[in-house]
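1. sequence and predicted structure below; questions after.
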Amino acid sequence: MTIKNPYQLLGIVLAVGGAVLAPIFYFIVGSPPLTATVISAMILGFTCVAIGNSRPYLSAEAAQMLLKTGMENTTALLEELGLQNKATYIPSTPHSPSRALITLVDNSGTNIITGNLPKRLIVRFGPNSEDLGIAVTTPGNVSIELLETKPGPAAEEMETALNYLLTGVLDIAHNVSVQITGSKVEVKINTPEMSYENIWYYKCLGSPIASITAAVVAESLNKPVKIAEERYQKNNGIIILDILT
């Protein structure tokens, strides 16, 4: 078996080396300081093995590469079609996963989304001939799968789910708070590690943090939502979502 994880390799070397040298230094050499040193090395080795087991199989660099590849491909598609409309985040159903819908015609009545979106790129979402759009998968839609249970419609439940994803699993924010006022949801992100960029992808689908926020809120309310505003200042970010009916 080949050990590719450097933490595990270092841990095994320290633990095995310490286990071999400890009795030699104690019984043969008779040196308590050296014995204590190798025992410390063994403890450090076990710690390294534990860290190696908890280390993700996919490195941060590889994850960033995959994210960038997906974003650039989606951006190329949006630019080819000339789409700049803000995406509508659709909650999942038993027959359709969570996705983001970008309408081909601006203001084409995305409040009237009927039935499940078919599992295709170009989809029809309403009864009218112009009710066409492209349905794409975003980081937010994928993050829904990381939740152990579906959050409820209360602000506290959304807040718990977002804190679990953004601060616990992904570690790209320090704290999240949610406030619902009428048809608006305001989400405050404390110390976000990823900010907004003025690029085509972000204009349509929002930043990765906004995408995750919109997908979780849509899933919680079981209603489509749009990113109305996304802004960052100092160490805080504010994302405002419109709830569609």
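-> Sure thing, it's come through. Numbers count the residues shown, from 1 in each chain.

2. kindly report the domain assignment for the protein.
-> Taking automatic domain parsing as the reference, the chain has its domains at 6-54, 59-245.

3. least reliable of those domains going by mean pLDDT?
-> The minimum mean pLDDT among those belongs to domain 6-54 (a mean of 82).

4. pick out the residue closest to the middle of this structure.
-> For the chain, Ser143 is the residue whose C-alpha lies nearest the centre (CA atoms, centre = their mean; 4.8 Å).

5. correct me if wrong, but that residue is in a helix.
-> Yes. Applying DSSP: H, G, I helix; E, B strand; the rest coil, one finds Ser143 inside a helix.

6. ok, and the closest non-adjacent residue to it?
-> Ile212 (4.8 Å; CB to CB, 6 or more residues apart in numbering). Any C-beta I mention is one placed from the backbone N, CA and C, and that applies to glycine too.

7. got the contact list for that neighbour?
-> 139-140, 143, 162, 165-166, 170 (CB atoms under 8 Å, 6 or more residues apart in numbering).

8. with Gly206 instead?
-> Contact analysis of Gly206 by CB under 8 Å, 6+ apart lists 87, 140, 196, 213-214, 227, 230, 239.

9. go again with 7 Å.
-> Going by CB atoms under 7 Å, 6 or more residues apart in numbering, Gly206 touches 214, 227, 230.

10. toward the C-terminus from the helix or strand the residue nearest to Ser143 falls within, list the very next helix or strand.
-> Ile212 belongs to helix 208-221 when assigned by DSSP states H and E. With elements assigned by DSSP H and E, the helix or strand that comes after helix 208-221 is strand 225-233.

11. in that next one, what counts as buried?
-> Buried positions in strand 225-233, judged by neighbour count with 16 or more other CB atoms under 10 Å: 225-227, 230, 232.

12. what's the answer for stretch 32-42, then?
-> 35, 38-39, 41-42.

13. how far is that stretch from where the chain is centred?
-> Distance of stretch 32-42 from the chain centroid (CA atoms, centre = their mean, to the nearest Å) equals 43 Å.

14. may I have it exported as PDB, CA atoms only?
-> The C-alpha trace of stretch 32-42 is given here as PDB (Å, rounded to 0.1, in the frame of the first residue of the first chain):
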ATOM      1  CA  PRO A  32      15.500   9.200  30.800                       C
ATOM      2  CA  PRO A  33      15.900  12.400  28.700                       C
ATOM      3  CA  LEU A  34      16.300  10.500  25.500                       C
ATOM      4  CA  THR A  35      13.500   8.200  26.400                       C
ATOM      5  CA  ALA A  36      11.200  11.100  27.100                       C
ATOM      6  CA  THR A  37      12.200  12.600  23.700                       C
ATOM      7  CA  VAL A  38      11.300   9.600  21.700                       C
ATOM      8  CA  ILE A  39       8.100   9.100  23.600                       C
ATOM      9  CA  SER A  40       7.300  12.700  22.600                       C
ATOM     10  CA  ALA A  41       8.100  11.800  19.000                       C
ATOM     11  CA  MET A  42       5.600   8.900  19.200                       C
END
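
15. hmm, who's touching that stretch?
-> 14-15, 17-19, 21-22, 25-26.

16. tell me the one among the residues you listed nearest to His95.
-> Closest to His95 out of the contacts of stretch 32-42 is Ala15 (50.9 Å), distances taken as CB to CB.

17. sorry, back to before: using PDB, write down the CA coordinates of the helix holding Ile212.
-> The C-alpha coordinates for helix 208-221 follow below in PDB (Å, rounded to 0.1, in the frame of the first residue of the first chain):
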ATOM      1  CA  PRO A 208     -19.700  31.400  -4.600                       C
ATOM      2  CA  ILE A 209     -20.700  32.700  -1.100                       C
ATOM      3  CA  ALA A 210     -23.800  34.400  -2.500                       C
ATOM      4  CA  SER A 211     -24.600  31.300  -4.600                       C
ATOM      5  CA  ILE A 212     -24.400  29.100  -1.500                       C
ATOM      6  CA  THR A 213     -26.600  31.600   0.400                       C
ATOM      7  CA  ALA A 214     -29.200  31.700  -2.300                       C
ATOM      8  CA  ALA A 215     -29.400  28.000  -2.700                       C
ATOM      9  CA  VAL A 216     -29.800  27.400   1.000                       C
ATOM     10  CA  VAL A 217     -32.500  30.000   1.400                       C
ATOM     11  CA  ALA A 218     -34.400  28.700  -1.600                       C
ATOM     12  CA  GLU A 219     -34.200  25.200  -0.200                       C
ATOM     13  CA  SER A 220     -35.300  26.400   3.200                       C
ATOM     14  CA  LEU A 221     -38.300  28.300   2.000                       C
END
